[in-house]
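Colleague: What follows is a predicted protein model with its sequence.
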Amino acid sequence: MTMKAMKEKPIVMKYRDELDKCYGAAGMALGLAVFDAEDLFTAVSLDTGGPGCIQFTPEYFFAGNPRLSPRGAWQYILSHYRISVGLAVANALCRRMILDNEAVDNELRDELFNAAFEDGRDFCQLERDEVEPIFDEAFNNMSRLFADSRVRKAMDTFADMLQQRRTLSHIDVNDILQQLNLA
């Protein structure tokens, strides 16, 4: 699994089936709210090309900005890297903890961390010890969130709605999350 979100591809995941994809997308939709990134997507769709479900705004992808200082550009990339890590973790944990109703094992945690580290090194020139707090924060937040029975029930509802409708606009996602008391 790789996160390659800083390039022109959003997070790439392998899904077992459509239901698995629905729960991954539901986790990422909640992750967008949790990581305060609601303004960086236009829709969640099961029918997008490739395995990515989130349709990001152009602002999500950094193409350079001459008005930003080098430090400002790096901070922008780092903030989007944090979001990418959070979305990958939210996707995997929602599928494992809610759809599969299983605990997260060290193998999944290590796989997610290794993907986060590779992308952190490639996109932000981060060392392992710099990636650890970013990853740990996302992993711990999502673990606690998906362990909550109210959130679990809400994610079941969200995944069901997504499977029925196939595509949820930005407004639809925010409305659903508010109705489910998650936003």
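Modeller: That came in fine, so what should we check first? Residues are numbered from 1 along each chain as shown.
Colleague: after the helix or strand harbouring Gly24, next one along is what?
Modeller: Assessed by DSSP states H and E, Gly24 sits inside helix 18-34. Per DSSP H and E, the first helix or strand lying C-terminal to helix 18-34 is strand 41-45.
Colleague: distance between the helix or strand just after that next one and the chain's centre?
Modeller: On the C-terminal side of strand 41-45, the nearest following helix or strand under DSSP H and E is strand 54-56. A distance of 10 Å separates the C-alpha centroid of strand 54-56 from that of its chain, computed with Cα atoms, centre = their mean, to the nearest Å.
Colleague: Could you pick out the longest helix of this protein?
Modeller: Determined from DSSP state H, the single longest helix within the chain is helix 70-93.
Colleague: Now do that helix, average pLDDT.
Modeller: The average pLDDT within helix 70-93 is 92.
Colleague: If you compare the directions of the next helix or strand after that helix and helix 70-93, what angle comes out?
Modeller: Heading C-terminal from helix 70-93, the first helix or strand you meet, by DSSP H and E, is helix 106-124. Computed by axes from the mean of the first three to the mean of the last three Cα atoms, to 10 degrees, the angle separating helix 106-124 from helix 70-93 equals 160 degrees.
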